[in-house]
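*Asks:* Predicted model, plus sequence, below.
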Amino acid sequence: MTQVIRVLYAEDNALDADLTQSHFAHHAPHIEVTVVNNGQRCLELLAANAFDVLLLDNHLPDMDGTAILLDLAARGRSIPVVMVTGAGDEALVVRVLRLGACDYVSKEGSYLATLPAVLESAVAEHRRACEEGTPAVSGRSGSCMRSATRRTASSRSGTSPKPPHIWASRSSARHAMSWPASRTAPPTW
């Protein structure tokens, strides 16, 4: 039997939250999703409950995802965070990965189909790091360090001006930006 994964999903768009919960109920019933619609409630539930992973929309009514990542780092909270947003760009990807998010998934195309695997991977790597006694919190403010490189869901071969997903991890961002893998953070520009 697959182990239950408890997800806290901070999402203010009720339609996105409902679609995600429905998708998981039908395609990944081992993933239990609790939805909150603002950042303050997200932080309150994280402090009071045990969740395996935080699925975080960047645009919430009272704060953005980067503020939540900064708060988690200030509290020393070690939880894998997967950022999911409908509005973002490569600068946002780099910023949230620097702040400790494990992955970034753009709300485009069939992104819901990728979420269960992304969440499972983030939780598995976080648990493995804890079991091995390796830091689950990066030297800066992160909530997990990824060792596996993720590729974008589609190639940038020029056939499409924008891939259907921006799917990045810290290690792929390091590679794409050409800074050494031994560094825990990209250079300050």
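*Replies:* Okay, I see it.

*Asks:* report the longest helix in this structure, please.
*Replies:* helix 111-132 (DSSP state H).

*Asks:* which other helices and strands contact that one?
*Replies:* strand 5-10, helix 14-27, strand 31-36, strand 53-57, strand 81-85, strand 103-106 (3 or more Cβ pairs under 8 Å, 6 or more residues apart in numbering; DSSP states H and E). Where C-beta positions appear, they are placed from N, C-alpha and C, glycine not excepted.

*Asks:* Where does the prediction get shaky in this structure?
*Replies:* Per-residue confidence for the chain (pLDDT under 70) gives these ranges: 1, 134-189.

*Asks:* Can you give me the neighbour number for Asp64?
*Replies:* By other Cβ atoms under 10 Å, 17 other residues sit near Asp64.

*Asks:* and the closest residue to it other than its chain neighbours, how many neighbours?
*Replies:* In this structure, Asp64 finds its nearest non-sequential neighbour in Asn58, 5.5 Å apart by Cβ to Cβ, 6 or more residues apart in numbering. Other residues within reach of Asn58 by the criterion other Cβ under 10 Å amount to 22.

*Asks:* Please verify my assumption that Asn58 contacts Asp89.
*Replies:* No: applying Cβ atoms under 8 Å, one finds Asn58 not in contact with Asp89, separated by 11.0 Å.

*Asks:* quick one, what contacts His27?
*Replies:* By Cβ atoms under 8 Å, 6 or more residues apart in numbering, the contact set of His27 is Ala113, Pro116.

*Asks:* Tell me how far it lies from Glu11.
*Replies:* 18 Å (Cβ to Cβ, to the nearest Å).

*Asks:* what about the spatially closest residue to Ala87 that is not a sequence neighbour, how many residues close to it?
*Replies:* Once flanking residues are discounted, Ala87 sits nearest to His59: 6.5 Å by Cβ to Cβ, 6+ apart. Number of residues near His59 (other Cβ under 10 Å) recorded here: 14.

*Asks:* Just grab the bridge partners of His59 for me.
*Replies:* Note on His59: beta-bridge partners Asp64, judged by DSSP bridges.

*Asks:* Out of the helices and strands packed on helix 111-132, flag the one nearest Glu120.
*Replies:* strand 5-10 (6.6 Å; Cβ to Cβ).
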